[in-house]
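Asks: what would the 3D arrangement of this be:
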Amino acid sequence: MIPGYFVTIEADECLRLLGEGSIGRVAWASSRGLQVLPVSYTLVGNAVVFTIAEGTVLDELTQPVDVAFEVDDLDVSTSTGWSVMAQGRTAPFAGDPDALRSLPWVPGHNDVPVAVELGFLAGRSVSAETH
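Replies: Just a heads-up that it's a prediction; the model follows:
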């Protein structure tokens, strides 16, 4: 086994890392049971914003729903990386529509913007090196 260690990431660094990402996973207790689905997102202020397609299970997130949102960056070859988990509540995105231009490409017609107002951030980095 490779020796290593975890380091807690402070909230301001978690927010910075969220701002650098583009693909994350949103998790919630849906009407169909627990869901964990990937979404393409952008950070607008202190909110994670992504678009969904009407009529999908993600459409539930246009109403206020408690969710977890996770982003990570792991390098298997060096056994290093980080993971950030945010908790918050969803709401329709009411911000500047131009902010959505920074969303990465998303397949299909995902034209309903949803925001996750972040209430809690936690993160860890991992390194295979000993310290």
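
Asks: could I get the lowest-mean-pLDDT helix or strand in the chain in PDB with only the CA atoms?
Replies: Lowest by mean pLDDT, DSSP states H and E among the helices and strands of the chain is strand 5-9, with a mean of 87. Provided in PDB are the C-alpha atoms of strand 5-9 (Å, rounded to 0.1, in the frame of the first residue of the first chain):
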ATOM      1  CA  TYR A   5      -2.200  11.500   4.000                       C
ATOM      2  CA  PHE A   6      -5.300  13.600   3.800                       C
ATOM      3  CA  VAL A   7      -5.500  17.400   4.500                       C
ATOM      4  CA  THR A   8      -8.700  19.300   5.200                       C
ATOM      5  CA  ILE A   9      -9.300  22.100   2.700                       C
END
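
Asks: can you list the buried residues in that strand?
Replies: residue 9 (16 or more other Cβ atoms under 10 Å). In short, each C-beta sits where N, CA and C put it, glycine included.

Asks: buried ones in the next helix or strand after that strand?
Replies: Beyond strand 5-9 in the direction of the C-terminus, DSSP states H and E gives the next helix or strand as helix 11-20. In terms of neighbour count (16+ other Cβ under 10 Å), helix 11-20 has its buried residues at 14, 15, 17, 18.

Asks: this completes my enquiry, with thanks.
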